[in-house]
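Engineer: sharing a model that was predicted from the sequence below.
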Amino acid sequence: MEKQKSGKKRTRLVILRSSVLLVLGLWMLSGQAQEFGRQALDTLSGGAADDGSWNLILVNAENPVPEGFTVELEDIGGGQRVDARIAEALEDMLQAARSEGLDPVVCSSYRTQDYQAGLYERKIGQYMEKGYGRTAAAAAAARWVAPPGTSEHQLGLAVDIVSSSFQVLDSRQEKTAEQQWLMEHCWEYGFILRYPSDKSDITGIAYEPWHYRYVGKQAAREIAEQGVCLEEYLGKA
Ligand SMILES: [Zn+2]
């Protein structure tokens, strides 16, 4: 009698345990299925869904700043302004770098159409001084300075950040401790290094180890994980 009872108890325990495992298993499966479904959708749409989110707007030579584009700007000091919606994330990133003993400096941020036009003309002038014709100079300049209307600086979502100890915009910038830190951690704050060295063919812009673009935390993490550039991520490469 006593034996039977404990036998019954054991059976009940086994059933209970199996039920728990079954429920747990189903729960995990449904979670995985959701994740799988989401990934499949992403793949079908060629990367992330470009749902028109303000933080995922693509601006490059083929995709100019939308007609009538406006943005609410926030002053971040040093004469720099960015889209008010990214000011806090940017400040958090800069503060985190500073807490590591680094000294990053934002040297360029929001630009108006006129300002971008001036930068582009100046670059063309530099090439013409080297003997380039106007057309060739304009093409060469576009590798370094986006023609007006095609710079994401005009969105207020991009910043150029340099080391206070090396405020030069060339490839040596990547060797500074500030860039090393930013390249490793920027995604945690929703930023990406927009023009990586191995993506120039796609972005149309030469390697810029100082130009960071806000895309939001989820996109930044996925872009970092996948090792893609924004064009690839949005399926518009
Ligand atoms: Zn830039």
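Structural biologist: That came through, no problem. Residues are numbered from 1 along each chain as shown.
Engineer: is it true that Trp187 touches Ala219?
Structural biologist: No - counting by Cβ atoms under 8 Å, Trp187 stays clear of Ala219, with 9.1 Å between them. No exception for glycine: its C-beta is placed from N, CA and C like everyone else's.
Engineer: burial of the closest residue to Trp54 other than its chain neighbours, as a residue count?
Structural biologist: The shortest distance from Trp54 to any non-neighbouring residue, by Cβ to Cβ, 6 or more residues apart in numbering, is to Arg85 (7.2 Å). Residues near Arg85, counting by other Cβ atoms under 10 Å, number 16.
Engineer: same thing with Gly204?
Structural biologist: Gly204, neighbours per other Cβ under 10 Å, totals 16.
Engineer: what's the answer for Ile205, then?
Structural biologist: What Ile205 shows, counting by other Cβ under 10 Å, is a neighbour count of 23.
Engineer: with Gly68 instead?
Structural biologist: 5.
Engineer: where does the chain dip in pLDDT?
Structural biologist: 1-51 (pLDDT under 70).
Engineer: I'd guessed Gln167 sits against Asp103; true?
Structural biologist: No - with contact defined as Cβ under 8 Å, Gln167 does not count as touching Asp103 (10.6 Å).
Engineer: returning to what we had before: part of a helix, is the residue nearest to Trp54?
Structural biologist: Yes - under DSSP: H, G, I helix; E, B strand; the rest coil, Arg85 falls within a helix.
Engineer: helix, strand, or coil at the residue nearest the centre of the chain?
Structural biologist: Centroid check for the chain by Cα atoms, centre = their mean gives Ile192 as the closest residue, at 2.9 Å. Secondary structure, three-state DSSP: Ile192 is strand.
Engineer: contact partners for it?
Structural biologist: Neighbour list for Ile192: Cys186, Tyr212, Arg213, Val215, Ala219, Ala220, Ile223, Ala224, Leu230 [criterion: Cβ atoms under 8 Å, 6 or more residues apart in numbering].
Engineer: from the ion, how far off is it?
Structural biologist: Ile192 is 12 Å from the ion, where distance means Cβ to the ion, to the nearest Å.
Engineer: who is that residue paired with across the strands?
Structural biologist: Arg213 (DSSP bridges).
Engineer: can you list the domain ranges for this protein.
Structural biologist: With automatic domain parsing as the criterion, the domains of the chain are listed as 1-44, 54-111+151-233.
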